[in-house]
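Let's see this in three dimensions:
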Amino acid sequence: MGRELAKKGNMNDRMEVVLNKFKTRMTSYPPGMCPLVMYRSILQMSMNQSCGKCIPCRDGLVEAERMLDSILSGDATMETLQKLEDLCVMIAQTADCAVGVVAANTVLDSLKEFADEYESHIKYRKCVENVTQTVPCLTLCPAHVDVPGYVALIHEHDYPGAINMIRKKNPFPTACAYVCEHPCEKRCRRSIVDQPINIRGLKKYAVDQIPADQVSTPKANVSTGRKIGIVGGGPAGLTAAYYLALMGHKVEIFDEHEKLGGMLRYGIPEYRLPKAKLDEDINAILNCGDIEVHLNTKIGRDISVEEFKEKFDAVYLGLGAQIGNRIPVENADASNVIPAADFLQEIADGNEMDLTEKSVVLIGGGNVAMDAARTAIRLGSHKVTVFTRKRDDYTALESEIESAKEEGVRFQTLQNFLHFEEDKNNKGTVNSVWIQPVIVGEYDEFGFVKTENSSAYPYRYECNLVILGVGQRCDVKAFEEAGIPVEKGKILADTKCVVQNVDGVFSGGDCVTGPSTAINAIAAGQVAAYNIDEYLGYHHKINFGIEAPSAMPNKCIPTGRAEIEERNPFQRRTDFLHVEVPMTPEEADRESGRCLRCDHYGCGAMRGGRD
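Numbering: from 1, shown residues only. Model prediction:
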């Protein structure tokens, strides 16, 4: 008996290894694949999990998979679709366990979410958009940077070439190398073999080898004589300026701050993005063509919106979300209650607070909140506590949360903020926050868990400073008053960055989407530049003078991923020096060699390579 149990245990251990390998196939499903194929795969896995005890699960899932397969092969009718729905409803209601119930509900969800896809497959035997698999990293990068191309150039030690390959779509190679959230890694096909390529790490290695402003930008086209005005000198505005200047247009940038950079300068701490490194990108942008900069100038205050529009052939509104939100409760305007965005901007302006031996409370779990929490630690606070209502509120990168924990930031989850308590001995300030513990409940229709107050009593938490990491907004009041369409604090513009019903006005970035990432703002600036060029009657091409090296076969030997390490937390928490340790040449060479060159093989070959 003991020997039999040992054998079963050994078999289960071996199965666990296989399942862990198989799990990566789910996470590496490529963009552009047919959603019905994906649902069929999920259904087939559920069939394999069935114990065979109850008929609805054992036989019903098999029949549902047969119907789904007939839809994919073009042999079904709309009647088949109705039968599939009826069958899955029956399985969900009668199956004995979660295997059948969840599998059936998954198919029912797909019938609602992808009703158009089901109809298209039945009527036309194809997907709605006739989609095909695409190169994951290139597709998932909002700016569609040629990732395989610059990784290959890094492998060949051509760092200027890698930087210029990035600049085809993104003029901030350095800033993104330091702070990008790297969505390009999410579906990396290398996951099928071992782990995603460390794309951000390789980009950082390239810009660490040679400053971006020492790499020549492409030669600007012949001057067109057209002038474009840009509001905002952040990533969206500077990106638009870069491409428009290279096309041959005259560009004027207006920014209300003393320096360019927007949230990259005033919203990201020095320890994550040294401003000297940011300036390398900005210098390269300003030297690429006819760009004029007006600092300390706010449109709507120093120049009217109407005067601004009349001065240019086209305008681009690239305002950042730099105003921190407050909570509409009593004492929220106290002097020691400050939005996280305002707090970070004060530090960036050189107005450092002395938080020595002070207790700081931070409400919110996003990236800005983590930046504020880690900054408070560096300013001497002996206790920084982050409160969030639920785990879903932690929208910051997992690496940022882990780094904050290492540096001593405390986290309290399932704690609902109630109100601030005023300090009776110091009017106009608060000395504590009141917190109500909560418990988790069901999930809502968006997949987020609901919470409700627990039976535990509210409690008082003393503090000297409260930082509100509850989002940011843009200052669009002057533009709204001038007739620019605004809804809920955001400028109304389409995917081409064209502002609705206002000729010659374009907008993108945070002021259109709400607070987002730097790479999304860069993508918006790029889209706006090319559409402004079309609006002016041109169709310019820019010769970047760089091509991807030829692809070499990869033997797909499982190899460890080279991670970017950080300085000792006990050292880095005491200063604002950059936290990351550079990759070694050996690490960069090995990591870049792991790339499967999907732009040439696999899905890249299917679609004829890169765009």
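
all contacts plus neighbour counts: C-alpha atoms, from now on.
OK.

Near the closest residue to H144 other than its chain neighbours, how many other residues are there?
Sequence neighbours aside, L138 is the residue nearest to H144 in space, at 5.0 Å (criterion: CA to CA, 6 or more residues apart in numbering). By the measure other CA atoms under 10 Å, the count of residues near L138 is 24.

contact partners of stretch 66-83?
Under the contact criterion CA atoms under 8 Å, 6 or more residues apart in numbering, stretch 66-83 has outside partners 36-37, 40, 84, 118-119, 121-125.

Any chance of the residues you listed in TSV with neighbour count and pLDDT as columns?
Converted to TSV, those look like this (neighbours: other CA atoms under 10 Å; pLDDT from 0 to 100):
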residue	neighbour count	pLDDT
L36	21	92
V37	13	90
R40	18	92
L84	23	95
Y118	25	94
E119	19	92
H121	22	93
I122	22	93
K123	15	91
Y124	11	89
R125	18	89
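
if we take those, which one ends up nearest to S191?
S191 lies nearest to V37 out of the contacts of stretch 66-83, by CA to CA, at 19.8 Å.

Now do the same for G9: its pLDDT.
Looking at G9, its pLDDT is 62.

just A276 next, same as before
Looking at A276, its pLDDT reads 97.

D371 now?
pLDDT recorded at D371 is 97.

returning to that earlier point: for the residue nearest to H144, what are phi and psi?
Dihedral pair for L138: phi -70, psi -40, per degrees, to the nearest 10.

ok, back up a step: among the contacts of stretch 66-83, name the ones in helices.
Among the contacts of stretch 66-83, DSSP state H puts 36-37, 40, 84, 118-119, 121-124 in helices.

dump the residue contacts of the residue nearest to H144.
L138 neighbours (CA under 8 Å, 6+ apart): 144-148, 184.

now with 6 Å?
Applying CA atoms under 6 Å, 6 or more residues apart in numbering, one finds that L138 lies in contact with 144-147.

likewise S359?
By CA under 6 Å, 6+ apart, S359 lies in contact with 383, 463-464.

swap in P148?
When contacts are counted by CA under 6 Å, 6+ apart, P148 touches R597.

which strand is the longest one in the chain?
strand 430-443 (DSSP state E).

Sheet-wise, list the partners of that one with their directions.
For strand 430-443, the paired strands and their directions (DSSP bridges) are strand 415-422 (antiparallel), strand 449-453 (antiparallel), strand 459-462 (antiparallel).

what's the closest of the ones you listed to C598?
Once those are compared by CA to CA, strand 449-453 is nearest, at 36.9 Å.

Just the residues contacting that closest one, thanks.
Contact partners of strand 449-453, identified using CA under 6 Å, 6+ apart, comprise 438-443.

Of those residues, which count as buried by neighbour count?
Neighbour counting by 16 or more other CA atoms under 10 Å classes 438-439 among the contacts of strand 449-453 as buried.

For L238, state which of the contacts of strand 449-453 is nearest.
In terms of CA to CA, no member of these lies closer to L238 than Y443, at 41.1 Å.

Contact partners for the closest one?
449-450.

Can you tell me the element V89 falls in?
Under the criterion of DSSP states H and E, V89 resides in helix 78-94.

and that helix, C-alpha only, in CSV?
Taking C-alpha atoms only, helix 78-94 is exported to CSV below (Å, rounded to 0.1, in the frame of the first residue of the first chain):
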residue,chain,number,x,y,z
MET,A,78,-27.9,29.4,-36.9
GLU,A,79,-30.0,26.6,-35.5
THR,A,80,-26.7,24.9,-34.4
LEU,A,81,-26.0,28.1,-32.4
GLN,A,82,-29.3,27.9,-30.6
LYS,A,83,-28.8,24.2,-29.8
LEU,A,84,-25.3,25.0,-28.4
GLU,A,85,-26.8,27.7,-26.2
ASP,A,86,-29.6,25.4,-25.0
LEU,A,87,-27.1,22.5,-24.3
CYS,A,88,-24.8,24.7,-22.3
VAL,A,89,-27.7,26.1,-20.2
MET,A,90,-28.7,22.5,-19.4
ILE,A,91,-25.1,21.5,-18.5
ALA,A,92,-24.7,24.6,-16.2
GLN,A,93,-27.9,23.8,-14.4
THR,A,94,-27.5,20.0,-14.0
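
and the helix or strand following that helix, average pLDDT?
Helices and strands here follow DSSP H and E; after helix 78-94, the next one along the chain is helix 98-113. Averaging pLDDT along helix 98-113 yields 94.

low-confidence ranges in the stretch 501-611 of the chain?
For the stretch 501-611 of the chain, applying pLDDT under 70 flags the ranges 605-611.

the strands in it, which residues?
505-507 (DSSP state E, counting those that start in this stretch).

got the ones in helices among the contacts of stretch 66-83 as a markdown table, with distance to D599 columns?
Compiled in a markdown table, those are given as follows (distance: CA to CA, whole Å):
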| residue | distance to D599 |
| --- | --- |
| L36 | 25 |
| V37 | 23 |
| R40 | 27 |
| L84 | 38 |
| Y118 | 30 |
| E119 | 32 |
| H121 | 28 |
| I122 | 32 |
| K123 | 33 |
| Y124 | 30 |
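
How far does stretch 410-418 stretch from one end to the other?
Its first and final residues considered, stretch 410-418 spans 19 Å by CA to CA, to the nearest Å.

Now it: buried residues?
Neighbour-count burial for stretch 410-418 [16+ other CA under 10 Å]: 410, 413-417.

In this protein, where is pLDDT below threshold?
Across the chain, the ranges flagged by pLDDT under 70 are 1-9, 130, 605-611.

Okay, helices next: where are they in the stretch 251-400 of the chain?
Here the stretch 251-400 of the chain has its helices, by DSSP state H, counting those that start in this stretch, at 263-266, 275-286, 305-311, 340-348, 367-378, 398-406.

what's the closest of those to P582?
Taking CA to CA, helix 275-286 is the member of the helices of the stretch 251-400 of the chain nearest to P582, at 14.1 Å.
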